[in-house]
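**Q** Give me coordinates for this.
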Amino acid sequence: MDILLILFLALAIDLALGEPPPIIHPVVWMGKVISFLERVNIGRSPFVQFLYGFVITVAIMGLFTAPVYFMLFYLKSLSLSFDWAYVIAGAVLLKCTFSLRELRQVAIRVKRLLLKEKLDDARFELCLLVSRDTQNLPKPLLVSATVESVAESTCDSFIAPIFYFLLPLLFGVPGFFGVIGAVAYRVVNTLDAMVGYHGKYEYLGKFASKLDDVLNFIPARLTALLLALATFLSRKGTRTSWQVVLGEHSKTESPNAGWPIAAMAGGLDVQLEKVGYYKLGKANAQLVPETIDAALKLVQVAVLSWVLICFIAGVIRFAVTT
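**A** As a prediction, this is how the structure comes out:
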């Protein structure tokens, strides 16, 4: 049951305290290491860039997962009446791989700025959520970008890390490998966010980008299912949500991002748009600041559903193996 205690405590830490200070946040240090390594001038050869991208991906994964393994293995091996040190350390490390409270707070700040017609401030705040250029986005597209990011980040910032945390349950391996899996996922996802896009990092970031696509294949579709379930539990357009998912998820360049975004668009009965790239859903309702609240409510229900599923699965697994 240690793995469920770790998950429960990690969720409690996130809800109560939010993010740790940047100076000690592992994801911040991942970003620093990535920034340092990507500045190395390796020339323009696509093959050399790809090879270097592969090397730094594996190296950074090892750099951040090896200490986690040795620390949790040591704490687990101590002969104590109960593994509180192991559980607390595992929970703190797991919490650093996901972020629910911060995602919600940023989205709410954007909504409040939009309500006050402080569009420039809202554009600046939105940069914490999206990588697109927000400088000239009008109010409806600022709402759209926020809602899209909330939907996609539900996968990247919560569903996927917890999925890889619980995956060891299926194979009967020690629970601390779940923390390692969540940390490894966060490394790959951070690499993808920083260097896994076209242009300057076309080949340097290609391995990390493709690996992120593979790792998010199941979580992205699971997130879409959970958001569709949330529309049902919230008595919204469940059928519309799933119809948009099935019919329009492939419109995004990413093979995974379209799934949760389409589910959100259908669930809210709105059209979500990234100008020049895609439009998902039908514009049956206007994009207004309150749409962000509606999106956050769907995410809250989806997240609660996912947590409940995880705990039920954990209890069943524990009952079967004892």
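
**Q** helices and strands around the helix or strand hosting Asp14, which ones?
**A** Per DSSP states H and E, Asp14 falls inside helix 2-17. The contact analysis (3 or more C-beta pairs under 8 Å, 6 or more residues apart in numbering; DSSP states H and E) places helix 2-17 against helix 84-95, helix 160-166, helix 176-195, helix 289-321. Any C-beta I mention is one placed from the backbone N, CA and C, and that applies to glycine too.

**Q** Dump the C-alpha coordinates for it into PDB.
**A** Taking Å, rounded to 0.1, in the frame of the first residue of the first chain, the C-alpha atoms of helix 2-17 are listed here in PDB:
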ATOM      1  CA  ASP A   2       3.100   2.300   0.100                       C
ATOM      2  CA  ILE A   3       2.400   3.400  -3.500                       C
ATOM      3  CA  LEU A   4      -1.100   4.600  -2.600                       C
ATOM      4  CA  LEU A   5       0.200   6.500   0.400                       C
ATOM      5  CA  ILE A   6       2.800   8.200  -1.700                       C
ATOM      6  CA  LEU A   7       0.200   9.200  -4.200                       C
ATOM      7  CA  PHE A   8      -2.200  10.500  -1.500                       C
ATOM      8  CA  LEU A   9       0.500  12.500   0.200                       C
ATOM      9  CA  ALA A  10       1.800  13.900  -3.100                       C
ATOM     10  CA  LEU A  11      -1.700  15.100  -4.000                       C
ATOM     11  CA  ALA A  12      -2.100  16.600  -0.500                       C
ATOM     12  CA  ILE A  13       1.300  18.500  -0.900                       C
ATOM     13  CA  ASP A  14       0.200  19.900  -4.300                       C
ATOM     14  CA  LEU A  15      -3.200  21.100  -3.100                       C
ATOM     15  CA  ALA A  16      -1.800  22.500   0.100                       C
ATOM     16  CA  LEU A  17       1.500  24.000  -0.900                       C
END
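
**Q** That one: what's the following helix or strand?
**A** Next element after helix 2-17 (DSSP H and E): helix 26-38.

**Q** buried sites along that following helix?
**A** Pro26, Val27, Val28, Met30, Gly31, Val33, Ile34, Leu37, Glu38 (16 or more other C-beta atoms under 10 Å).

**Q** Measure how that helix sits relative to helix 84-95, angle-wise.
**A** Put simply, helix 26-38 runs at 60 degrees to helix 84-95, going by axes from the mean of the first three to the mean of the last three C-alpha atoms, to 10 degrees.

**Q** Helix 26-38 vs helix 176-195, what angle?
**A** Using the same axes, to 10 degrees: helix 26-38 against helix 176-195 is 50 degrees.

**Q** Gln135 contacts Arg123, correct?
**A** Yes. The criterion here is C-beta atoms under 8 Å, and Gln135 meets it with Arg123 at 6.3 Å.

**Q** between these two, who's got more neighbours?
**A** Arg123 (19 against 9; other C-beta atoms under 10 Å).

**Q** how about the nearest residue to the more buried one, chain neighbours excluded?
**A** Thr134 (4.3 Å; C-beta to C-beta, 6 or more residues apart in numbering).

**Q** part of a strand, is the one you found?
**A** No. Applying DSSP: H, G, I helix; E, B strand; the rest coil, one finds Thr134 to be coil, outside a strand.

**Q** helices or strands up against the helix or strand of the chain with the lowest mean pLDDT?
**A** When each helix and strand of the chain is scored by mean pLDDT, DSSP states H and E, helix 238-248 comes last, with a mean of 84. If you count contacts as 3+ C-beta pairs under 8 Å, 6+ apart, helix 238-248 packs onto helix 217-233, helix 258-268.
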